[in-house]
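[1] sequence? don't have it. structure:
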């Protein structure tokens, strides 16, 4: 089944990510669908988390956390805007207005929205926050930011017969040497939703200037552990059965490391380990690229995810990036419309309930979250981790 811009599935995706624009307040009532008590428990946790975030805003600038990284403010804005108990018709909270003011103050001459470096990462998340507002005053900013993201897509030598392995992907921007799956999927997400928002407006440039989505799919596919990518990458790379279907950071490199294996003919090869958060990012990239859900690459990703489901760690990374992992999990499984997961030993898991309970159990008394096991990828920052947690819970509660 394919998700296309005019389909019911596409509308479902839009409401899952942009609840403040497209969906009315979630109604909780006896006899309704889902677990009523769990919904109430999740909403209480969301309320506490939002109170914490609001308390952390710089009242003078409107920023959250590091002002040189507006992505933090964008994530906080998205988390507060996504509160299921907030009616879109209600006046916008003052904290949100200040947050949007800070985001737009970071617009650069090239159209990007960033401070010092990480242009793709910051711009992508800021575009998502601006799209979530649904406010036409931000359309010119979004349109220019789209151009920046599209221009980040890499094509190392257009005259070459054989593509570079990094072609089609997107990196951090600036001095970043090449594409990676994390930045690519974030840019694809921002471009996917902003294209919908700007459709049929004076800022709709999709017919004349858009991402090369086929090239993006090719890059994402090269990041997936499969027999095809192993053949493409040459004689040095091997493939372990337990890694097949999962993803790595970019072709030839995995943040989870590598393992030397011996092939059937006795040849020593290097197997790149798949890991959790980037595998969910890969699945999301396929969804944003409007791929068929029954495409073998999508199904292979889902198979790896199902076989490696855990909430105790970011598979392959221990505690590193744990809350980013939760966030990509909640988003990817929601958009793929996965209701239950079945582990290799036959256990059926209600992933929404399990993930919600896990996240809520880690909430601090002040309403915040922080990664106690690792500070990698800035997860010692309570603003960042609280935003990840709130966004995860907001995806979950709407799917119950």
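    Structure's in. What do you need? Predicted model only: the values in this text are computed from it and were never measured. Numbers count the residues shown, from 1 in each chain.
[2] just give me how far stretch 82-97 sits from the chain centre.
    Computed by Cα atoms, centre = their mean, to the nearest Å, the chain-centroid distance of stretch 82-97 equals 22 Å.
[3] could you do stretch 91-103 as well?
    23 Å.
[4] which residues in the stretch 201-350 of the chain form helices?
    213-222, 227-233, 276-288, 296-307, 322-335 (DSSP state H, counting those that start in this stretch).
[5] tell me the most buried of the ones you listed?
    helix 276-288 (a mean of 27; mean count of other Cβ atoms under 10 Å). All C-beta spots, glycine's among them, are computed from the backbone N, C-alpha and C.
[6] what's that one packed up against?
    Helices and strands touching helix 276-288, by 3 or more Cβ pairs under 8 Å, 6 or more residues apart in numbering; DSSP states H and E, are helix 181-198, helix 213-222, helix 296-307, helix 322-335.
[7] where does the stretch 51-200 of the chain have low pLDDT?
    157-162, 175-177 (pLDDT under 70).
[8] adding distance to residue 364, write the helices and strands packed on helix 276-288 out as TSV.
    As requested, the helices and strands packed on helix 276-288 are exported to TSV (distance: least, Cβ to Cβ, whole Å):
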stretch	distance to residue 364
helix 181-198	27
helix 213-222	36
helix 296-307	29
helix 322-335	13
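[9] which stretch among those helices comes nearest residue 250?
    Closest to residue 250 of these, according to Cβ to Cβ: helix 181-198, at 6.2 Å.
[10] got the angle for that closest one vs helix 276-288?
    30 degrees (axes from the mean of the first three to the mean of the last three Cα atoms, to 10 degrees).
[11] before we move on, the earlier item: closest one to residue 346 among the helices of the stretch 201-350 of the chain?
    helix 296-307 (11.5 Å).
[12] so what does that closest one touch, helix or strand wise?
    Going by 3+ Cβ pairs under 8 Å, 6+ apart, helix 296-307 lies up against helix 276-288, strand 341-342.
[13] quick revisit: for residue 141, find the nearest of the helices of the stretch 201-350 of the chain.
    Distance to residue 141, taken as Cβ to Cβ, is lowest for helix 276-288 among the helices of the stretch 201-350 of the chain, at 20.9 Å.
[14] which helix in this structure runs the most residues?
    helix 36-55 (DSSP state H).
[15] by contact count, what packs against the helix or strand following that one?
    Scanning forward in sequence from helix 36-55 by DSSP states H and E, the next helix or strand is helix 70-81. Here helix 70-81 touches helix 36-55, helix 94-105, helix 119-133, helix 382-399, going by 3+ Cβ pairs under 8 Å, 6+ apart.
[16] at 6 Å instead, please
    If you count contacts as 3 or more Cβ pairs under 6 Å, 6 or more residues apart in numbering; DSSP states H and E, helix 70-81 packs onto helix 94-105, helix 119-133, helix 382-399.
[17] show me the contact partners of the second one.
    Contacts of helix 119-133 with the rest of the structure, by Cβ atoms under 6 Å, 6 or more residues apart in numbering, involve 18, 20, 70-71, 74, 77-78, 81, 103, 112-114, 138, 142, 145, 148, 152, 170, 172-174, 183, 186-187, 190, 193-194, 197.
[18] need the buried ones from the residues you listed selected in PyMOL.
    To isolate the buried members of those in PyMOL, using 16 or more other Cβ atoms under 10 Å:
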select buried, resi 18+20+70+71+74+77+78+81+103+112+113+114+138+142+145+148+152+170+172+173+183+186+187+190+193+194+197
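[19] so residue 76 sits against residue 64, correct?
    Yes. Between residue 76 and residue 64 there is a contact at 4.2 Å, judged by Cβ atoms under 6 Å.
[20] neighbour-wise, which of those two wins?
    Per other Cβ atoms under 10 Å, whichever of residue 76 and residue 64 has more neighbours is residue 64, with 31 against 27.
[21] contact partners for the more buried one?
    Contact partners of residue 64, counting by Cβ under 6 Å, 6+ apart, are 56-57, 72-73, 76, 383.
[22] please name the bridge partners of it.
    On the basis of DSSP bridges, residue 64 is bridged to residue 57.
[23] how much space between it and residue 37?
    From residue 64 across to residue 37, the span is 32 Å (Cβ to Cβ, to the nearest Å).
[24] out of the helices of the stretch 201-350 of the chain, which gets nearest to residue 390?
    So among the helices of the stretch 201-350 of the chain, helix 322-335 is nearest, using Cβ to Cβ, at 9.4 Å.
[25] residue 51: neighbour count?
    Counted with other Cβ under 10 Å, residue 51 comes out at 13.
[26] use 10 as the first number for this chain going forward.
    Got it, first residue is 10 now, which makes that one residue 60.
[27] quick check, it in contact with residue 375.
    No. Using Cβ under 6 Å, residue 60 makes no contact with residue 375, being 8.6 Å away.
[28] show me the contacts for the closest residue to residue 278 other than its chain neighbours.
    Of all residues not flanking residue 278 in the chain, residue 247 sits nearest, at 3.1 Å (Cβ to Cβ, 6 or more residues apart in numbering). Contacts for residue 247 (Cβ under 6 Å, 6+ apart) come out as 270, 272, 278, 280.
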